[in-house]
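K.L.:
let me see the structure of the following:
(2 chains)
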2 protein chains.
Amino acid sequence: MQNPVTVEVTRGSLVESRHRGLGVVVDGEGKTLFSFGDAEAGVFPRSSCKAMQALPLIESGAADAYGFGAKELAFSCASHSGEDAHVAMAASMLAKAGKSVDDMECGAHWASEQASLIHQARTIEYPTALHNNCSGKHSGFVCTCVHSGTQLKGYVDYDHPLQKEIRDVMGSLTGAVLAEDNCGIDGCSIPTYAVPLKGLAHGFAKMLTGTGLSNERAKASRRLMDACMAEPFYVAGTGRACTKLMELAPGKIFAKTGAEGVFVAALPDQGIAMAVKCEDGTTRAAEAMIFALIARYFEKGGETQEKLMAMANRTMNNWNGLTVGEVRVTDALFA
Amino acid sequence: MQNPVTVEVTRGSLVESRHRGLGVVVDGEGKTLFSFGDAEAGVFPRSSCKAMQALPLIESGAADAYGFGAKELAFSCASHSGEDAHVAMAASMLAKAGKSVDDMECGAHWASEQASLIHQARTIEYPTALHNNCSGKHSGFVCTCVHSGTQLKGYVDYDHPLQKEIRDVMGSLTGAVLAEDNCGIDGCSIPTYAVPLKGLAHGFAKMLTGTGLSNERAKASRRLMDACMAEPFYVAGTGRACTKLMELAPGKIFAKTGAEGVFVAALPDQGIAMAVKCEDGTTRAAEAMIFALIARYFEKGGETQEKLMAMANRTMNNWNGLTVGEVRVTDALFA
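P.N.:
Numbers count the residues shown, from 1 in each chain, chains lettered A, B, ... in the order given. Below you'll find the model as predicted:
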């Protein structure tokens, strides 16, 4: 199946580049409300599924034992920019479990975002695992293991009990079989599993609505999503798409990006969730797609819809501030 | 016409993302030796055509008047990383014409490459036009105007005599009509014109071989391409694809990248040139395509071909240095 062109990048009056994509919107029952492209294609969720991976932090009792509030829970679902407040939050969560950066197995990297990288370059000699964009998830992992009395070392490995538990959680939510043949290694070294895009969206719709979940899991799921919506800075950072989306309509949009052009969102008022993947893995296209897809479900012509569409169809300026073109979504998102 | 998938990005045993592309190889006469995708599609060359845009610097007599050698000529064709030597070279070229950063109209930006940005953040408060990746081209423009006695102010504008001359040069080389309806504004504010990809490749084949060019233009063209091959650091920078390609087989490969997934190359020994465009504008795919396309024309199984294919098909490691997947070219490049 050919995925349609969903995003065009123009220059002058011409289209300079084109992105293809797939996407799907489902309700808690798994009913497809809208889709484009091959929505059953297997897709690595990457960081988009961090809220699923954070469920053991709550279900194990660790989050309550360490007194974690909305900020900590949002941060356990984050792909953050390595800003000072993010780094401090990772250290603080680890300290609650009596652990430190030395116990993290995610590796270290400089910030990807320009402003954050400039700040880091001016204030630190080199980044540590606390600066890793996944340090919130890993702090949650460390806390979960310590509270549960599970061996900490090797917590990123496929055979570690925590990863096995995450596999069970994600398999149950997405309806997919997660095993070695659809497993890859993520940037932060934990396993990531390719699942049908529709299954990923359905998993978030179940988390949002509680449909088909145990009472405990339904409560844990909403607690994580509500925390992200309440503290969007801790999910990403200054100027980032996830943060902007959740700030734009507080409590009405949950959103999380993943590497290689994945984005998921869930809308509490509508009881639906959605997922998109840009075929070529480009973030600018995944962002435009999710902005437009979310916009479909807000009041026609209303302020929220207009703000979302202004993010989906945006002008591009050059180094002198001249408008040179635009990033815009195609009709494939409005069929 | 559907452009084929030319580059795949894998994770574990699965393909995570796919890039489509178009490409063409031609000789000096304009004969197509190989192509894939819609090679007649209009493509903005962006920075890939800087050697064409630098021809007036030589043809006006400015380069000789200011005593420019291979480094300055290579730099006038550059999209550089804003390293200290690049910034110094821009200032030095401008000084030869009695001008300075204040006369540049390209705007300013921080380096895109991580190592260069970290260095800049630690050594300067903010970047100037000298740091702009196009500062070599703009230094050349300023020198051309000053030497020719052309009004300097507004040298980036569509109606300025220099841009009109560049339009004539590029129209003649590519065989395309360059006018307002296929014109866009580039990142550094000069006009950029969408031309058929084959015309872009043919223009470089003419520059390489001199076919159909006046003696003066043929000499100026080879002088620029030879300068780039002799001083590849000044064309891009540390670790950059253009620099690595031209260092890999000195004097045997001319190569220049452009934004939004464009890459051109010319092979003096074979008398051919080539151009590729990634449909979605992604650099990683444009690089893989040009590496593999160049490799076709080197000795089968030889050292140069093997090095090029090792760049075209490369493993990707995560923050812990674990191999997580690869970027690889498809059979579309070997049909």
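
K.L.:
against residue A:25, how distant is residue A:290?
P.N.:
Per C-beta to C-beta, to the nearest Å, residue A:290 is found 11 Å from residue A:25. For glycine as for every other residue, the C-beta is placed from the backbone atoms N, C-alpha and C.

K.L.:
more crowded one of these two?
P.N.:
Legend: neighbour count by other C-beta atoms under 10 Å in any protein chain shown for residue A:290 and residue A:25, higher for residue A:290 (30 against 26).

K.L.:
name the nearest residue to that one, ignoring sequence neighbours.
P.N.:
Using C-beta to C-beta, 6 or more residues apart in numbering or on different chains and skipping the chain neighbours, the partner closest in space to residue A:290 is residue A:263 (3.9 Å).

K.L.:
correct me if wrong: that neighbour contacts residue A:286.
P.N.:
Yes: the pair residue A:263 / residue A:286 is scored as a contact, 4.6 Å apart, by C-beta atoms under 8 Å.

K.L.:
okay, and the common contacts of those two?
P.N.:
A:257, A:276 (C-beta atoms under 8 Å, 6 or more residues apart in numbering or on different chains).

K.L.:
distance of the closest residue to chain B within the stretch 51-200 of chain A from residue B:315?
P.N.:
Per C-beta to the nearest C-beta, residue A:107 is where the stretch 51-200 of chain A lies closest to chain B, at 2.9 Å. The gap separating residue A:107 from residue B:315 is 16 Å, by C-beta to C-beta.

K.L.:
go on, residue A:160?
P.N.:
When residue A:160 is compared with residue B:315 (using C-beta to C-beta), they lie 25 Å apart.

K.L.:
more neighbours, these two?
P.N.:
Shown here are residue A:160 and residue B:315; by other C-beta under 10 Å, residue A:160 has more neighbours (21 against 12).

K.L.:
quick one, phi/psi of that one?
P.N.:
Phi and psi for residue A:160, reported as degrees, to the nearest 10, are phi -70, psi 140.

K.L.:
and if you look at the one 5 residues further on?
P.N.:
Main-chain torsions, residue A:165, degrees, to the nearest 10: phi -60, psi -40.

K.L.:
let me see the contact set for the residue lying closest to it once chain neighbours are set aside.
P.N.:
Leaving aside its sequence neighbours, residue A:165 sits nearest to residue A:56 (C-beta to C-beta, 6+ apart; 5.2 Å). By C-beta under 8 Å, 6+ apart, the contact list for residue A:56 reads A:62, A:144, A:162, A:165, A:166, A:169.

K.L.:
which residues are in contact with the residue lying closest to the residue of the stretch 51-200 of chain A closest to chain B once chain neighbours are set aside?
P.N.:
In this structure, residue A:107 finds its nearest non-sequential neighbour in residue B:319, 2.9 Å apart by C-beta to C-beta, 6+ apart. Residue B:319 is in contact with A:106, A:107, A:108, A:109, A:132, A:187, A:188, A:189, counting by C-beta under 8 Å, 6+ apart.

K.L.:
how about a cut-off of 7 Å?
P.N.:
A:106, A:107, A:108, A:109, A:132, A:187, A:188 (C-beta atoms under 7 Å, 6 or more residues apart in numbering or on different chains).

K.L.:
tabulate those (TSV), appending secondary structure and pLDDT.
P.N.:
Converted to TSV, the contacts of residue B:319 look like this (DSSP: H, G, I helix; E, B strand; the rest coil; pLDDT from 0 to 100):
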residue	secondary structure	pLDDT
A:106	coil	97
A:107	coil	97
A:108	coil	97
A:109	coil	98
A:132	coil	98
A:187	coil	96
A:188	coil	96
